[in-house]
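1. sequence-free structure coming up:
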């Protein structure tokens with residue numbers, strides 16, 4: 001089956017292309033680097049010709065709310081129109097666990113808007129909601145830093161490895177459309193303010209302060225805002241295992 005991976009040159013997309021290729025599918029990495037621009041529409045129709053499935057793992061260049069909304073709405077409308085014309089049988093998009101629970105976040109509102117376009121399109125679809133990637137933990141810490149202190153709310157998180165995200169998306173895209181959200185998360189839950197262990201492992205001099213008023217990329221978070229519901233698909237890679245693997249790669 002021909003599977004077009006939108007954002008196929010990125011972190012998740014490049015891993016997804018390798019998985020699908022190894023399974024014998026014709027995985028097409030579609031991104032501005034390969035001449036496919038979903039914002040302008042350049043190359044989209046040509047890329048989707050003959051595709052059995054499309055999976056969108058692209059991301060907005062900006063986390064700012066209005067910019068993210070413009071990106072996701074324009075890109076998704078262009079993709080949906082081309083997918084409908086091409087007779088694509090399965091449209092899959094990667095989103096974020098808790099997106100609907102974080103209305104203070106302009107970025108999350110943009111992801112919700114993207115999902116609404118997909119569910120209203122009439123195309124056979126599946127939505128994959130993944131928890132935070134281990135690879136983005138450093139970004140969470142940096143965004144919450146004030147001076148030498150990292151202010152993090154003591155709420156639950158359940159992060160996972162990007163490899164596991166890609167594997168979960170691959171499993172969904174080659175299956176039948178779910179017409180629903182599939183949640184995936186890591187094997188361990190811990191509290192956001194326990195990320196101090198990451199700093200210690202890196203010998204980072206910053207300290208973590210548990211702060212109930214701390215925001216998560218500008219959004220207020222509750223105890224379970226960032227973790228999947230019961231019944232989610234659980235990945236196998238633990239944080240310590242990923243950290244060891246990443247250190248060997250470096």
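-> Received the coordinates, thanks. Remember, it's a predicted structure, so these values are computed and weren't measured experimentally.
2. all strands in this protein, in order from the N-terminus.
-> Counting by DSSP state E, the chain has strands at residues 2-6, 26-30, 53-56, 90-96, 125-130, 145-146, 149-152, 156-157, 181-185, 190-191, 207-210, 233-234.
3. the first one pairs with which strands, parallel or anti?
-> Put plainly, it is strand 2-6. strand 26-30 (parallel), strand 53-56 (parallel) (DSSP bridges).
4. I figured residue 23 hits residue 170, correct?
-> Yes - assessed by C-beta atoms under 8 Å, residue 23 is found in contact with residue 170 at 7.3 Å. In this view, the C-beta of every residue, glycine as well, is placed from N, C-alpha and C.
5. show me which of those two is the more surrounded one.
-> For residue 23 versus residue 170, neighbours defined as other C-beta atoms under 10 Å are more numerous around residue 170 (24 against 12).
6. returning to what we had before: so which of the strands paired with strand 2-6 is nearest residue 175?
-> strand 53-56 (9.8 Å; C-beta to C-beta).
7. give me the mean pLDDT for the closest one.
-> In this model, strand 53-56 has an average pLDDT of 98.
8. how distant is that strand from the center of its chain?
-> Here the centre of strand 53-56 is set off from its chain's centre by 14 Å, with C-alpha atoms, centre = their mean, to the nearest Å.
9. and that strand, what's buried?
-> The neighbour-count check on strand 53-56 (16 or more other C-beta atoms under 10 Å) flags 53, 54, 55, 56 as buried.
10. touching, the second one and residue 90? I think so.
-> Yes - contact status for residue 54 versus residue 90: in contact at 7.5 Å, counting by C-beta under 8 Å.
11. am I right that residue 170 is in contact with residue 21?
-> No - counting by C-beta under 8 Å, residue 170 stays clear of residue 21, with 10.3 Å between them.
12. now what about the longest helix anywhere in the chain, what contacts it?
-> In the chain, taking DSSP state H as the definition, the longest helix is helix 65-86. The contact list for helix 65-86 (C-beta atoms under 8 Å, 6 or more residues apart in numbering) reads 6, 38-39, 41, 44-45, 48-51, 54, 56, 58, 60-62, 91, 93, 105-107, 109-111, 113-114, 117-118, 121-123.
13. ditto for stretch 171-180
-> With contact meaning C-beta under 8 Å, 6+ apart, stretch 171-180 is reached by 1, 3, 20, 23, 25, 53, 55, 89-92, 124-128, 182.
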